[in-house]
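Colleague: got a predicted model here, sequence first, then my questions.
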Amino acid sequence: MNEKKLPALPVGIFNFEQLRKYDMIYVDKTPQLLELARLPGRYFFSRPRRFGKSLTLSTLDAVFSGKVELFRGLAAEDWVDEQAKHPCPVLRFDMSQMSMRSPEDFDVSLREELGRVAAKNGISIVSSTLGGVFKDLVTGLYEQRGPVVSLIDEYDKPVLDKLFQPEMAEAMRQQLRSFYTVVKSCEDYLQFVMLTGISKFTKMGVFSAINNLRDISMSEEYGALCGYTQDELERTFDGWLEKLGKKQNSTREALLKKIREYYDGFSFDGVTKVYNPFSTLRMFQEGQFRNYWYESGSPSFIPDYLRRHNEFSLEKFRHKMVSELFISAQEIERAAPESFLFQAGYLTIEKRSGQMLTLDYPNREVLDSLSAMYSMLVYKIPDPDMTTHSLWEAFAAGDWQQIKRLFNAALASMPYDLFTHADEGFYKAVFLALLRGAGLSALGEVHSARGRSDVEIVLPDRVFVIEFKTAPHENDVESRRHAGDEQIAVRGYAEKYAADTREIMTATFVVDLKKRTIV
């Protein structure tokens with residue numbers, strides 16, 4: 001018997017019209033979009049890359065254009081049917097498609113795009129400045145067809161591309177400021193405005209030119225505007241879940257638990273949790289659990305930024321408390337690392353308490369991806385993929401001596417200046433980065449009733465509990481090892497696995513601080 005044909009997955013499809021015409025799966029976000037579209041408004045909405053921002057703007061384009069044939073069976077069908085009687089002119093720009101080689105090239109490419117749209121609509125451009133050209137286009141469309149809708153995607157891409165070239169970044173910011181000022185000056189001609197991007201520039205940046213935008217990025221009302229909720233995943237992808245369960249030889253309950261561990265956990269309001277849509281779709285497409293977000297081109301400026309801020313441990317950001325204003329303080333180049341990581345999608349809101357937020361990594365995919373980047377670009381370990389693969393094999397075999405050899409080889413390959421202020425936490429952070437880069441389920445600072453273990457690694461048939469200690473001198477090694485072993489036993493770090501059928505292995509890793517090795 002032939003297997004039932006499943007609806008197509010919209011992997012890499014960010015065009016709403018194309019998605020609907022080819023009958024691909026669409027998780028209906030139009031109820032939230034209608035809440036925005038019903039009345040005139042100016043909005044800013046930030047989400048990490050590959051999280052559905054472009055699809056959101058493409059859908060809004062179709063809503064305001066009255067393309068009712070694309071909304072059959074969706075919540076917005078009746079509203080769009082009415083909108084089709086008096087559609088709005090829509091200006092939609094994607095800043096990531098402009099030339100980023102220099103501020104001058106960016107100016108030329110954006111002018112060309114504005115000119116193309118003007119020519120298509122028979123509008124004359126008389127201004128010479130970039131902002132003036134945009135204003136001519138907006139007012140011209142208004143005179144032809146009434147209030148205009150302006151949708152701008154990746155508004156911050158020109159600045160992010162020049163993040164570590166301060167003069168170029170500021171020049172790009174000036175170009176954007178002159179362009180976005182039109183959003184404020186053309187208030188009377190605009191029906192609806194939405195800007196999307198990764199970051200929010202404040203203080204003397206772009207947002208000083210468009211301070212009439214409502215930032216809905218952390219609003220509970222729109223917490224699920226991008227990404228999939230648990231209900232949406234189970235309801236919309238039911239057939240794909242069944243297919244994946246058969247391939248993985250897994251029950252539905254066990255499968256859903258694993259999907260949550262890998263791809264769920266993003267929260268932008270501290271309440272709603274959503275799955276990364278790109279990784280979820282790729283998982284269904286490939287039928288495997290992998291770090292798809294990282295494989296799709298994780299930006300190298302993330303570890304570059306953290307290295308410039310002397311952040312050498314990923315553990316520092318686990319369960320980190322911050323004020324709810326932590327992303328609004330300043331330009332992203334000068335923002336605190338946790339603000340940068342949150343806006344880039346590597347940290348999420350674990351919980352909210354009053355005006356305080358607790359941050360953490362959202363899921364295993366993100367933590368493993370960042371760990372792999374750290375091993376290569378921060379710790380500078382040559383060929384980290386080979387090291388991590390060998391580590392995986394050593395843990396699978398329970399070979400402590402090989403584990404020690406591989407870890408010491410990685411330490412020996414790292415630049416000496418990284419060890420200037422190396423303490424126990426530094427060595428533990430390097431070890432965890434290697435483990436996670438290897439795809440091992442590795443936890444740091446695991447809390448229990450009588451304390452917290454340094455590292456725990458969970459495999460299908462074996463569990464490892466490891467304590468780290470440092471020895472200032474070689475003759476301190478044995479006493480420190482004994483202290484670590486005693487701590488594991490007295491505080492019962494392995495007791496929670498007592499009823500487990502897996503083999504339990506414990507060890508103390510003692511770092512000789514002078515030799516910079518595990519001895």
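Modeller: Received it, and whenever you're ready, just let me know what you need. Since this is a predicted model, take the numbers as computed values, not measurements. Numbers count the residues shown, from 1 in each chain.

Colleague: and stretch 131-140, what's its mean pLDDT?
Modeller: Taken as a whole, stretch 131-140 has a mean pLDDT of 96.

Colleague: can you mark which positions in that stretch are buried?
Modeller: Residues of stretch 131-140 classed as buried under the neighbour-count rule (16 or more other CB atoms under 10 Å) are 131, 133-140. Glycine gets a C-beta too; all of them are placed from N, C-alpha and C.

Colleague: now do that stretch: distance to the chain's middle.
Modeller: The offset between the C-alpha centroid of stretch 131-140 and the centroid of the whole chain comes to 34 Å, using CA atoms, centre = their mean, to the nearest Å.

Colleague: correct me, but residue 244 touches residue 282?
Modeller: No - the pair residue 244 and residue 282 does not pass the contact test of CB atoms under 8 Å, sitting 11.9 Å apart.

Colleague: Serialize the buried residues of stretch 131-140 to CSV and add fields for distance to residue 93 and secondary structure.
Modeller: Shown next, in CSV, are the buried residues of stretch 131-140 (distance: CB to CB, whole Å; DSSP: H, G, I helix; E, B strand; the rest coil):
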residue, distance to residue 93, secondary structure
131, 14, helix
133, 12, helix
134, 9, helix
135, 14, helix
136, 15, helix
137, 10, helix
138, 12, helix
139, 17, helix
140, 16, helix
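
Colleague: show residues contacting the longest helix anywhere in the chain.
Modeller: Ordering each helix of the chain by length in residues (DSSP state H) puts helix 166-185 first. By CB atoms under 8 Å, 6 or more residues apart in numbering, the residues outside helix 166-185 that reach it are 42, 95, 102-103, 106-107, 110, 129-131, 134-135, 138, 150, 155, 158-159, 161-163, 190, 193, 195, 201, 205-206, 208-213, 333.

Colleague: what about the stretch 151-300 of the chain, any weak spots by pLDDT?
Modeller: In the predicted model, the stretch 151-300 of the chain carries pLDDT under 70 at residues 201-209, 297-300.

Colleague: what pLDDT is listed against the most centrally placed residue in the chain?
Modeller: When the chain is reduced to its mean C-alpha position, the closest residue under CA atoms, centre = their mean turns out to be residue 345, at 2.5 Å. Residue 345 is assigned 90 on the pLDDT scale.

Colleague: which residues touch it?
Modeller: Taking CB under 8 Å, 6+ apart as the definition of contact, the neighbours of residue 345 are 47-49, 51, 198, 266, 362, 366.

Colleague: can you check residue 104 too?
Modeller: For residue 104, counting by CB under 8 Å, 6+ apart, there are no contacting residues.

Colleague: tell me the pLDDT of it.
Modeller: So, for residue 104, pLDDT stands at 94.

Colleague: top of the contacts of residue 345 by neighbour count?
Modeller: Compared across these, residue 366 has the highest neighbour count, 27 neighbours, by other CB atoms under 10 Å.

Colleague: tell me if that one really is in a strand.
Modeller: No - counting by DSSP: H, G, I helix; E, B strand; the rest coil, residue 366 is not found in a strand; it is helix.

Colleague: gap between it and residue 517?
Modeller: Between residue 366 and residue 517 the distance, using CB to CB, to the nearest Å, works out to 31 Å.

Colleague: break down the stretch 201-350 of the chain into its helices, ranges please.
Modeller: For the stretch 201-350 of the chain, the helices identified by DSSP state H, counting those that start in this stretch occupy 230-236, 238-248, 252-263, 277-286, 292-295, 301-308, 337-344, in order along the chain.

Colleague: now the shortest one: buried residues?
Modeller: Within helix 292-295, the residues scored as buried using 16+ other CB under 10 Å are 292-294.

Colleague: tell me which strands and helices that helix is in contact with?
Modeller: On a contact count with 3 or more CB pairs under 8 Å, 6 or more residues apart in numbering; DSSP states H and E, helix 292-295 meets helix 277-286, helix 364-373.

Colleague: quick check, residue 57 in contact with residue 151.
Modeller: Yes - checked against CB under 8 Å, the pair residue 57 and residue 151 is within contact range at 4.5 Å.

Colleague: what do these two both touch?
Modeller: What both residue 57 and residue 151 touch, as defined by CB under 8 Å, 6+ apart, is the set 92, 194.

Colleague: show me which of the two is the more surrounded one.
Modeller: Neighbours were tallied for residue 57 and for residue 151 using other CB under 10 Å; the higher tally belongs to residue 57 (24 against 21).

Colleague: next, the more buried one: phi, psi?
Modeller: Residue 57 has phi and psi values of phi -70, psi -40 when expressed as degrees, to the nearest 10.

Colleague: tally of neighbours for residue 147?
Modeller: By other CB under 10 Å, 16 other residues sit near residue 147.
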